[in-house]
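Trainee: Sequence and computational prediction follow.
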Amino acid sequence: MTHTPLATYQPEQRALALIGGEATDANLRRYLHGIPGIDAVGLEARAADLGTRSIKTSSKRWAIDTIIGLIDLTTLEGADTPGKVRSLVAKALVPDPSDPGTPRVAAVCVYGDMVGTAVNALGSAHAAGGTEGVNVAAVATAFPSGRASLAIKLADVRDSVAAGADEIDMVIDRGAFLAGRFGQVYDEIVAVKDACRRVDGSMAHLKVILETGELNTYDNVRRASWLAILAGGDFIKTSTGKVAPAATLPVTLSMLEVVRDWYRLTGVQIGVKPAGGIRTSKDAIKYLVTVAETVGEDWLTPHLFRFGASSLLNDVLLQRQKMTTGHYSGPDYVTID
């Protein structure tokens, strides 16, 4: 595929070229509102159709193992303790002690003050942004509300990166977005991206949480997705998991379509992370099918697709053991998160 020179631009240069000027409210509004609207009925029908497609039995083991390898195993509770994070890491490294062939998850996702604990618990298995081992993701920017000054948000990010976070999951200011202050949202993402820079010049990957359950319409989800990518996000993520509805198949499909269109326009691949509410392997397989049919199987890798989940892994492990033994295990087979 031949792409435009946009693929060689830095994110800010690319954004300026696309919107035709500085990232002001007026320029961004003109650009974002010029994006074709979403046919909600058509989107939901397509998502429903993709959700009914089955996977051959011979492919189900591949799907189960792929799901495990795409999970950001998550604990984001006020009552989190170092012990709970160490237990989470132990499960991330050895999801099924009875089957050493079980893949590891992609990452553990924790609050910023728990990053050091997670990094230490991983030890030599810490992927440190690579493909071998398990990465550490940290939620930041006053997660989940995003209600704090920019200075506090950036300090939050820098602390997590300094502690060893490989990935930062930031939240956008939904109030600013819904009020049409697109320039503010854009500038904040750009600033957070810059705060992801390590002392050696390398960057933690940035996932931008849209909190789609608060954006009200598919058109807003599409515009917020474009805005996050224009500002330099490496991933767009549906939700914090703290607001209902969280991830849904139609919303994720709409975000995947943006990623597809961005790739066609620029040649740059952007990741997608549905988070919250995906609890069963049956549901997760629907997302795998939707990814493959919308952007292609190239996206079914940890650097381009993730599941944000806490309980999904348990169901997938039960399904995996059933495929091995022919029967479901008892409730004590998996750990309780």
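Mentor: That came through fine.

Trainee: contacts, neighbours, all on C-alpha from now
Mentor: Noted.

Trainee: Could you pick out the longest helix of the chain?
Mentor: helix 249-266 (DSSP state H).

Trainee: what's next to that helix, contact-wise?
Mentor: Helix 249-266 has contacts (C-alpha atoms under 8 Å, 6 or more residues apart in numbering) with 3-7, 43-44, 47, 51, 212, 218, 221-222, 225-226, 236, 238, 268-272, 274, 286-287, 290-291, 294-295.

Trainee: In PyMOL, how would I select just the buried ones from the residues you listed?
Mentor: Of the contacts of helix 249-266, the buried ones can be selected in PyMOL as follows, counting by 16 or more other C-alpha atoms under 10 Å:
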select buried, resi 6+43+44+47+51+212+218+221+222+225+226+236+238+269+270+271+272+274+286+287+290+291+294+295
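
Trainee: Out of the contacts of helix 249-266, name the ones that lie in strands.
Mentor: Cross-referencing the contacts of helix 249-266 against strands under DSSP state E gives I236, G271, V272.

Trainee: Give me the mean pLDDT for the longest helix of the chain.
Mentor: Model confidence over helix 249-266, given as mean pLDDT, is 97.

Trainee: In this structure, where is pLDDT below threshold?
Mentor: 1-5, 57-58, 329-337 (pLDDT under 70).

Trainee: Repeat the analysis, applying 80 as the threshold.
Mentor: By pLDDT under 80, the weakly predicted segments of the chain are 1-8, 10-12, 54-58, 131, 326-337.

Trainee: quick revisit: can you list the buried residues in the longest helix of the chain?
Mentor: Applying 16+ other C-alpha under 10 Å to helix 249-266 flags 249-260, 262-263, 266 as buried.

Trainee: and if you look at stretch 17-33?
Mentor: Those would be I19, A23, T24, D25, N27, L28, R29, Y31, L32, for stretch 17-33 by 16+ other C-alpha under 10 Å.

Trainee: So the first one is in contact with R29, correct?
Mentor: No. Between I19 and R29 there is no contact under C-alpha atoms under 8 Å: 9.5 Å.

Trainee: one step back: tell me the one of the buried residues of helix 249-266 nearest L206?
Mentor: When the buried residues of helix 249-266 are ranked by distance to L206 (C-alpha to C-alpha), V259 comes first, at 15.2 Å.

Trainee: Just the strands from this structure, written as ranges.
Mentor: Taking DSSP E, the strands of the chain run over residues 71-74, 107-111, 135-139, 167-171, 205-209, 235-237, 271-273, 307-309.

Trainee: now the second one against strand 167-171, angle please.
Mentor: Relative orientation of strand 107-111 with respect to strand 167-171: 50 degrees, computed using axes from the mean of the first three to the mean of the last three C-alpha atoms, to 10 degrees.

Trainee: other SSEs contacting strand 107-111?
Mentor: Applying 3 or more C-alpha pairs under 8 Å, 6 or more residues apart in numbering; DSSP states H and E, one finds that strand 107-111 contacts strand 71-74, helix 82-93, strand 135-139.

Trainee: what about S202, neighbour count?
Mentor: Counted by other C-alpha atoms under 10 Å, the residues lying close to S202 total 10.
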